[in-house]
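Visitor: Let's see this in three dimensions:
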Amino acid sequence: MKDLEGTWISRDYVERLKASRSPSEAARKGGGVAIKIQREGPTYPILITNFQRAILQAVIDVQPDIKPKSYRLAIAKEDRPAISASELTYMRFRGERDAGGTFKTLSISEPNFAKGKFLTYERLAGGLENFVNATVIAGRYTDAEGKRYEFTEAGEAVLPDRKFQYEVSLDPKAAINCDLIESHREREQQGRERLGFRWKGEHLQLFKVVGSKAPYKCEAQPFAVLSQQ
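Guide: As a prediction, the model looks like this:
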């Protein structure tokens, strides 16, 4: 199981996200699936999400499948003694190790959101949030007046008048006409920050957000147009 630990994300979603720098556009063109396996004591929880819903279960065993270099994860709602075969579901995968003995990509048949279709997944070097931040918005910027803005890969937003811990919303239904960054739910639980953003060519547009609950809407005109430094 230690060979499978980490965060895996479907490659087609990664490619769309890098091309568009827009989570909502990447999802509309085909959705995406992320799978996180991380040991907690003696157990291996597995979290699977399509960025709208998430399923948390436990990996009970990893087993060889019928074909060479093919395997399957035996998964149950919880890891406890005396689990019967009828309580298990299986997630099949195929892969080959690199020269260092590590799986960098896997072909996974995820049964919930991918409906059992084999898709190629990449293992992220860091966490999902850092990857999304770096791909979509992280960088240093200035506006037309020379004011400085920064969105760090680690998730800190630094605006001319304030700073806060942020996360990029991956839910394509979170907003109608833009993408969102919001106060980080864990690191800034009382935060109320919410900004819309959209890329237009090489410029990052920031918008005020209208509404008290999803789906939110961005104002028609940006309050800042940023150039990356």
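Visitor: quick one: contacts for Leu88?
Guide: Ile60, Ala74, Ile75, Ala76 (C-beta atoms under 8 Å, 6 or more residues apart in numbering). Backbone N, C-alpha and C define where each C-beta goes, glycine included.
Visitor: and the first one, that one's in a strand?
Guide: To tie it back to what came earlier, the one meant is Ile60. Yes. Under DSSP: H, G, I helix; E, B strand; the rest coil, Ile60 sits within a strand.
Visitor: just checking, it touches Glu78?
Guide: No. Contact criterion C-beta atoms under 8 Å: Ile60 and Glu78 do not qualify, at 9.6 Å.
Visitor: Just want to know which of the two has more residues nearby.
Guide: Ile60 (18 against 12; other C-beta atoms under 10 Å).
Visitor: Please list all residues in contact with that one.
Guide: Contacts of Ile60 by C-beta under 8 Å, 6+ apart are Ala74, Ile75, Ala76, Asp79, Ile83, Leu88.
Visitor: want to throw those residues into CSV with distance to Glu96, pLDDT and secondary structure?
Guide: Formatted as CSV, the contacts of Ile60 follow (distance: C-beta to C-beta, whole Å; pLDDT from 0 to 100; DSSP: H, G, I helix; E, B strand; the rest coil):
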residue, distance to Glu96, pLDDT, secondary structure
Ala74, 22, 96, strand
Ile75, 23, 97, strand
Ala76, 28, 97, strand
Asp79, 28, 93, coil
Ile83, 30, 91, coil
Leu88, 26, 95, coil
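Visitor: Confirm Val132 sits in a strand?
Guide: No. According to three-state DSSP, Val132 belongs to no strand; its state is helix.
Visitor: State the number of residues packed around it.
Guide: Around Val132 there are 23 residues (other C-beta under 10 Å).
Visitor: Please identify the buried residues of the helix or strand bottoming out on mean pLDDT in the chain?
Guide: One helix or strand of the chain scores below all others by mean pLDDT, DSSP states H and E: helix 23-28, with a mean of 93. Residues of helix 23-28 classed as buried: Pro23, Ser24, Glu25, Ala26, Ala27 (neighbour count, 16 or more other C-beta atoms under 10 Å).
Visitor: give the contact list for the residue nearest the centre of the chain.
Guide: When C-alpha atoms, centre = their mean is applied to the chain, the residue found nearest the centroid is Leu128 (4.7 Å). Applying C-beta under 8 Å, 6+ apart to Leu128 gives the contacts Thr7, Ile9, Ala34, Lys36.
Visitor: Out of these, grab the one that's most surrounded.
Guide: Ala34 (24 neighbours).
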